[in-house]
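[1] sequence and predicted structure, then a few things I'm wondering about:
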Amino acid sequence: MGELLRWGIIGTGNIAGKFAADLQLSGECAVVAVGSRTPEKAKQFAGQRGIARWFGSYRDLTTCDEVDAVYVAVPNPVHHPAGLLAIEAGKAVLVEKPFTVDLGEAQSLVDAARARQVYLMEGMWTRCLPHMRRVREILAEGRLGEIRMVTAEHGIWFRRDATHRMYDPGLAGGALLDLGVYVLSLASMVLGPPAEVTARSSFAFTGVDAQTEIILGYSGGARAVLATSMEAQMGNRAAIVGRDARLDIDGTWYRPTSFTVTARTGEAERFDYPDSGNGLRHEAHEVARCVRAGLLESPVMPAEETLQLMATMDEVRRIVGLAFPAGVGMPAAGRG
């Protein structure tokens with residue numbers, strides 16, 4: 001492996017483009033190849049971004065000797081098979097969130113990576129942002145005191161379009177997996193796995209969840225109150241509230257931003273973290289750091305936590321009755 005961690009991207013969609021653009025700002029990583037099942041798309045994607053190599057299949061990309069790490073940026077149901085190809089090829093693997101459609105698929109990828117002894121990480125890019133790293137430091141310092149509440153929302157307006165992946169049950173669309181994973185991940189980072197899960201959903205005309213609210217309960221009485229929607233542009237703020245102080249993250253909390261810590265006496269301290277680009281290069285840097293250190297998982301987003309998050313989302317789906325077609329994640333079930 002050379003000085004730069006050399007990336008291959010599986011997929012040519014919006015998030016793949018943002019990832020490629022962000023790595024152009026990196027001095028640690030470089031995109032050297034892209035793969036798609038449609039050769040024309042791969043060629044166009046590579047040409048527009050100055051990427052040296054392109055492939056008309058996922059397998060050809062994963063077996064390229066010039067690729068050290070693979071970023072899986074395809075629709076949700078393809079995360080598992082594409083990730084498995086990269087693992088079997090012995091590459092370090094970053095799988096875009098949601099990691100997979102359900103816990104069974106997630107466990108399969110984790111088991112394969114551990115058996116093959118290759119690096120695997122969920123692409124929860126928010127975890128790697130500078131402001132979120134500082135949030136974890138403040139939590140570790142105990143400045144907030146015992147945490148009593150986490151609140152977070154992630155709502156983005158999407159035009160009602162049955163052909164869009166967010167509305168497509170066959171692509172495991174809906175608010176929960178693509179948007180709700182952010183708020184659930186924040187709660188997990190702060191409070192760990194929940195002891196109880198309560199959820200309600202409103203469904204879109206295609207059968208996917210358009211809006212979902214979740215309350216997580218924890219031993220000791222702490223709560224996480226979470227909301228996600230693909231029908232409305234929310235304020236997209238988040239707060240972590242402790243007995244001694246609260247931490248308010250500016251909207252949009254999951255992107256590069258700032259936050260304020262306010263003591264119960266009213267004294268406030270501001271933390272500003274200006275950043276360039278989309279913020280996606282930080283997760284690539286975390287992969288590079290771990291790979292160079294000989295780690296197989298990231299302490300920022302460990303595999304066991306990814307599995308727990310998938311288990312929580314499975315439970316939310318069970319509660320609200322969110323069903324995808326046969327062969328896509330969990331077996332279909334009636335709405336509760």
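    Yep, that arrived. Numbers count the residues shown, from 1 in each chain.
[2] list the contacts of Ser276.
    Listed by C-beta atoms under 8 Å, 6 or more residues apart in numbering, the contact set of Ser276 reads Leu25. The way it works is simple: take the backbone N, C-alpha and C, and place the C-beta from them, glycine included.
[3] please redo it, this time with the cut-off set to 10 Å
    22, 25, 256 (C-beta atoms under 10 Å, 6 or more residues apart in numbering).
[4] closest one to Pro39 out of the residues you listed, please.
    Distance to Pro39 across the contacts of Ser276 (C-beta to C-beta) is lowest for Asp22, with 24.9 Å.
[5] how many neighbours does the closest one have?
    The tally of other residues near Asp22 (other C-beta atoms under 10 Å) stands at 21.
[6] gap between it and Ile51?
    Remark: distance between Asp22 and Ile51 (C-beta to C-beta, to the nearest Å) = 14 Å.
[7] now swap in Ile10 and tell me
    Distance check for Ile10 against Ile51: by C-beta to C-beta, it reads 13 Å.
[8] comparing those two, which residue is more hemmed in?
    Between Ile10 and Ile51, Ile10 has the larger neighbour count (other C-beta under 10 Å), namely 31 against 20.
[9] please enumerate the shared neighbours of Asp22 and Ile51.
    Residues touching both Asp22 and Ile51 (C-beta under 10 Å, 6+ apart): Val31.
[10] what residues are up against the residue lying farthest from the centre of the chain?
    Most distant from the centre of the chain: Thr265, at 35.6 Å, with distances by C-alpha atoms, centre = their mean. By C-beta under 10 Å, 6+ apart, the contact set of Thr265 is 244-245.
[11] same check, this time on Thr126
    Contact analysis of Thr126 by C-beta under 10 Å, 6+ apart lists 97, 132, 181-182, 185-186, 189, 253-256, 279, 282-283, 301.
[12] let's see that with 7 Å instead.
    Residues near Thr126 by C-beta atoms under 7 Å, 6 or more residues apart in numbering: 132, 182, 254.
[13] distance check, it against Val67.
    With distances taken as C-beta to C-beta, Thr126 is found 25 Å from Val67.
[14] now do Gln44
    Distance, Gln44 to Val67, using C-beta to C-beta: 19 Å.
[15] and those two? Which one has more around it.
    The neighbour count for Gln44 versus Val67, taken as other C-beta under 10 Å, is higher for Val67 (24 against 15).
[16] my guess is the more buried one contacts Val34. True?
    No. Assessed by C-beta atoms under 7 Å, Val67 is found out of contact with Val34, at 10.1 Å.
[17] common neighbours of those two, please.
    Common contacts of Val67 and Val34, defined by C-beta under 7 Å, 6+ apart, comprise Gly8.
[18] what would the contacts of Ser276 look like in TSV with pLDDT, distance to Leu103 and secondary structure?
    Below are the contacts of Ser276 laid out as TSV (pLDDT from 0 to 100; distance: C-beta to C-beta, whole Å; DSSP: H, G, I helix; E, B strand; the rest coil):
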residue	pLDDT	distance to Leu103	secondary structure
Asp22	96	30	helix
Leu25	93	35	coil
Pro256	95	31	coil
